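>>> what's the 3D shape of this:
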Amino acid sequence: MRSLALAVAVYWYLGPGLALAQDTARQLAGSWKLISWTIQIIGGDATQPFGSNPKGRALITPDGYAGFVIAAANRKPAANDAESAALLKTLMVYTGPFTIEGDKFTTKVDISWNELLTGQDQVRFFKLEGDKLTIRTAEQASAVYPGKKVVGTLTWERER
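The predicted structure is shown next:
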């Protein structure tokens, strides 16, 4: 009987939050096209690491899985190994299951272009306004600008 009472108490306590997170995941579900990516260097300038027209897509499923692909505009096919290696500097990709708590979107990375991220949590904060999704990082050490602290902001537009 105590187990049943505990289960009911946990449901009443956690149930509304879980339902809200599931509803938010359904609202975010779909294909999103990247409109802009800006990195604000703490104590420095704002930059656009992949230029003013980066390419990107976020795919978010209603059952809690996400994939993100971001590439610089004007990438060219590689003609040799050095050019192939250089292409990695203009690409960011990761996928994984995600959770939502309020405005916090956490992806548990299961596949990444950068193996340092695989197995790690990528914590982001989001704001959804109609068909516009803004995702920003907390202040963090930069993977793009070594030795710098940054806040990244990505703006996406719903495709489907």
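>>> check contacts around the residue nearest to residue 61 when sequence neighbours are not counted.
Once flanking residues are discounted, residue 61 sits nearest to residue 29: 5.9 Å by Cβ to Cβ, 6 or more residues apart in numbering. All C-beta spots, glycine's among them, are computed from the backbone N, C-alpha and C. Contacts for residue 29 were tallied using Cβ atoms under 8 Å, 6 or more residues apart in numbering; they are 60-62.
>>> same question, residue 111
93-96, 118 are the contacts of residue 111 under Cβ under 8 Å, 6+ apart.
>>> With residue 26 instead?
Contact analysis of residue 26 by Cβ under 8 Å, 6+ apart lists residue 62.
>>> Can you classify it as helix, strand or coil?
helix (DSSP: H, G, I helix; E, B strand; the rest coil).
>>> just to revisit the earlier point, distance of the residue nearest to residue 61 relative to residue 158?
10 Å (Cβ to Cβ, to the nearest Å).
>>> follow-up on the earlier one: of the contacts of residue 111, just the buried ones, ChimeraX syntax please.
The buried subset of the contacts of residue 111, as determined by 16 or more other Cβ atoms under 10 Å, is captured in ChimeraX by this line:
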select :94,95,96
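>>> of the contacts of residue 111, closest to residue 42?
Closest approach between these and residue 42, by Cβ to Cβ: residue 94, at 23.1 Å.
>>> For this structure, which segments count as helices?
2-28, 81-87 (DSSP state H).
>>> least reliable of those going by mean pLDDT?
Lowest mean pLDDT of these: helix 2-28, a mean of 57.
>>> ok so, going back, is it possible to mark the buried ones in the contacts of residue 29?
Those of those that meet the buried threshold are residue 60, by 16+ other Cβ under 10 Å.
>>> between the contacts of residue 29, which is closest to residue 146?
Nearest to residue 146, judged by Cβ to Cβ, of the contacts of residue 29 is residue 60 at 29.8 Å.
>>> Tell me where the model's unsure across this protein.
1-21 (pLDDT under 70).
>>> which residues of it fall in strands?
Under the criterion DSSP state E, strands of the chain are mapped to 30-41, 46-47, 55-60, 65-71, 91-101, 104-108, 111-112, 121-129, 132-137, 140-141, 149-158.
>>> Extract the C-alpha trace of the longest one and format it as CSV.
These are the backbone C-alpha positions of strand 30-41, laid out as CSV (Å, rounded to 0.1, in the frame of the first residue of the first chain):
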residue,chain,number,x,y,z
GLY,A,30,9.9,19.0,-37.1
SER,A,31,12.6,20.3,-39.4
TRP,A,32,14.2,23.7,-38.7
LYS,A,33,16.4,25.7,-41.1
LEU,A,34,19.3,27.7,-39.7
ILE,A,35,18.9,31.4,-40.3
SER,A,36,21.9,32.7,-38.3
TRP,A,37,24.6,31.7,-35.9
THR,A,38,26.4,34.3,-33.8
ILE,A,39,29.0,33.8,-31.1
GLN,A,40,29.5,36.6,-28.6
ILE,A,41,33.0,36.4,-27.2
